[in-house]
Structure formats: C-alpha cells, structure tokens
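Asks: structure for the following, please:
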Amino acid sequence: MKIRFLGTAAGGGAPQWNCGCSVCEAARDADVSRTQDGLAVSGDGETWYLVNASLDLRAQLLATPELRPPAATREIPIRGVLFTSAELDHTSGLLGLREAVELDVYATAWVHQALTTAFPLQTLLSGYTRVRRHDIRDGEPIELAGGLLVTATILSAKRPRYAGASAPGDSVCAYRFEAEGRSFVYAPGLAAWSPEFEKAITGADVVALDGTFFTEDEMGATRPASGMGHLAVREQLPLIEAHPGPRYLFTHLNNTNPLVLPGAPELAEVVAAGADVAADGLLLEL
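Replies: Numbers count the residues shown, from 1 in each chain. Presented below is the predicted three-dimensional model:
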C-alpha cells in the first residue's frame, strides 16, 4: 500500500492569504507553505483513490509523479474520491476533476445529500463526466480496485456552515485502509478519542490524526477547538502515549498552529509522546 500526503493544512492553507498572525508571518519569512489537506492512496501502486479534494488539487496532482497520465494519453490512474466530510476545503476541488471520463465518489449519505443540494458539486460535475455515487456506512468494509479495503468510522455530526439548519447526520468520518496485511487510518476531523475510534486504529501501522489546533484555546476563548469539532493536539498526546503501536502523524494543521513551522518548540512535545507531523508530499509505503 502507498499513501501520498497531497496536502497537510486546514482550510485556507498555511500561511493563509489574509492572515498576519505570528505563525503565518514566520511561515512567510521562512518560505514555508502547506497546501490544504488530502491524500492519494493505492493498494497496488497503480490504481489510486483521492481522499478529499481541496482547491489546491490541481497543483497537488501536478506535483505527484504517481498520478501523472502515461505519455500521449489522457488516462489518469485515479479511480475515485472519498470524502471525510462535506466541508468546503475537503470538497471544492471536485470540480477540477470534470475532465475525467468517469468518477466514483464515496461518502456518507448525509455528505452526498449536502453535495447535491446545499452545495451541489456532484450535480454540477455530472454535466461534464459520469459520476457514480457510493454510500459508505459506519463499520461496513468496501472493496476498492487495486486490492484496497476501506472501512469508515463515524466521528461526529458536525455540519458545514453552508448547510445551515439542515438536520445533522453522519457528516464526519475517518477511514481505515487495508491492503496485503497492512493498514492506515486517516482521521483529519477527530472530535473525540472514542471507543469506536480506538477500535478503528487497533493494529494499524500508521494513524494520521487531526492536527488542526495545537491547544484548545488557540482561536480564543469564544472559539474553542472542541466547539469546532476538533480535538486539540495537546489533548491527544497522552492518548497517543496510552495507545502505543502505530506510527502517529498529525495533519490538517490550521494556519495558527505552531506545528506548521519546522523546528517549532512545540514539536518536542509531539515527538516525546511518540508522534510526528506529516509534510506535504510525504510518501508512505506499507
């Protein structure tokens, strides 16, 4: 199994274009840039699936050798897209795939509903290419091409702001990918380290965790991390220590998170707990 981290930042990337916080200023000075989070996953190294699709997707695809079309063709090795949520930074890049001959889209029923009504990306895309919808359900494995098995674990019912007062549902999930006895878990929207999540990561080789905020009050007392559906990194560190075994990596870093910066003092806490921070372009081969 191969996993390529296409991007590792939260919505807006890091540094964020309209932000002059100390982290963004330091990132600009150091020429540090993280694109919005997403993955490419393959069970055999030939057939690939995207996990989330941000507005940075075109640049990410061009920077990824495994995802280039063979010479003199327009055939890309991407067979589908899986969404962990319906958030704008996870889904807006879908329109950039309109040139594909066909596309399989995997998400919970609630996310599919959001992307055909409140934010009708799939409806728009269907005017350009054939879109096949696949509903994923909590705990039910799905076989993908290339020998890949994926199982979703529902993490929360947090809905995007554009969805307004629509009924909440299974709107945020983690995915466990398995191939040839190896496993990888992707959870960029972790609201709580629940028993269900513990089950999902049991025996995993690598777990990519929610690194949105380093502390609960990073955005101020009126916007706590937990109120935005994210478990702060510092809150996760003792849980990581209590669950040794996998390689833990943080991703989906907000532009305010000091872990955006290589060599940040806070990184020592993360490493001491047995974890690290993923980088854009990181390739894992399991």
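Asks: look up the closest residue to Pro258, ignoring the ones flanking it.
Replies: Leaving aside its sequence neighbours, Pro258 sits nearest to Ala264 (Cβ to Cβ, 6 or more residues apart in numbering; 4.3 Å). Placement of C-beta: from N, CA and C, glycine included.
Asks: and the one you found, how many neighbours?
Replies: Around Ala264 there are 17 other residues, counting by other Cβ atoms under 10 Å.
Asks: state the pLDDT value of it.
Replies: Here, the pLDDT recorded for Ala264 equals 96.
Asks: ok, it touching Phe250?
Replies: No - the criterion here is Cβ atoms under 8 Å, and Ala264 misses it with Phe250 at 11.9 Å.
Asks: residues near Ala59, how many?
Replies: For Ala59, using other Cβ under 10 Å, the count is 13.
Asks: ok, now Gly220?
Replies: 7.
Asks: the helices in the stretch 101-250 of the chain, which residues?
Replies: For the stretch 101-250 of the chain, the helices defined by DSSP state H, counting those that start in this stretch cover 109-114, 121-125, 195-201, 233-242.
Asks: so who does the residue lying closest to Ala174 once chain neighbours are set aside touch?
Replies: Distances taken as Cβ to Cβ, 6+ apart place Ala187 nearest to Ala174, at 3.6 Å, with adjacent residues excluded. Taking Cβ atoms under 8 Å, 6 or more residues apart in numbering, we find Ala187 in contact with Thr84, Thr153, Leu155, Ala174, Phe197, Ala200, Val207, Ala208, Leu209, Asp210.
Asks: do Phe197 as well
Replies: Phe197 makes contact with Thr153, Leu155, Ala174, Ala187, Leu190, according to Cβ under 8 Å, 6+ apart.
Asks: looking at it, Glu143 is touching His134, isn't it?
Replies: No - Glu143 lies out of contact with His134 (Cβ under 8 Å); the separation is 11.0 Å.
Asks: comparing those two, which residue is more hemmed in?
Replies: Per other Cβ under 10 Å, whichever of Glu143 and His134 has more neighbours is His134, with 13 against 10.
Asks: doesn't Leu103 make contact with that one?
Replies: No - His134 lies out of contact with Leu103 (Cβ under 8 Å); the separation is 10.8 Å.
Asks: which neighbours do those two share?
Replies: Residues touching both His134 and Leu103 by Cβ under 8 Å, 6+ apart: Gly80.
Asks: returning to that earlier point: any idea how far the residue nearest to Ala174 is from Arg137?
Replies: From Ala187 across to Arg137, the span is 17 Å (Cβ to Cβ, to the nearest Å).
Asks: re earlier: most neighbours among the contacts of Phe197, which one?
Replies: Leu155 (27 neighbours).
Asks: which residues sit in contact with that residue?
Replies: Leu155 makes contact with Val172, Cys173, Ala174, Ala187, Gly189, Leu190, Ala191, Ala192, Ser194, Phe197, according to Cβ under 8 Å, 6+ apart.
Asks: and if you look at Thr91?
Replies: Going by Cβ under 8 Å, 6+ apart, Thr91 touches Asn52, Ala53, Phe83, Ser85, Leu115, Phe119, Leu121.
Asks: the third one: neighbour count?
Replies: Phe83: 26 surrounding residues under other Cβ under 10 Å.
Asks: so where is the stretch 151-286 of the chain shaky, pLDDT-wise?
Replies: Along the stretch 151-286 of the chain, the model assigns pLDDT under 70 to residues 167.
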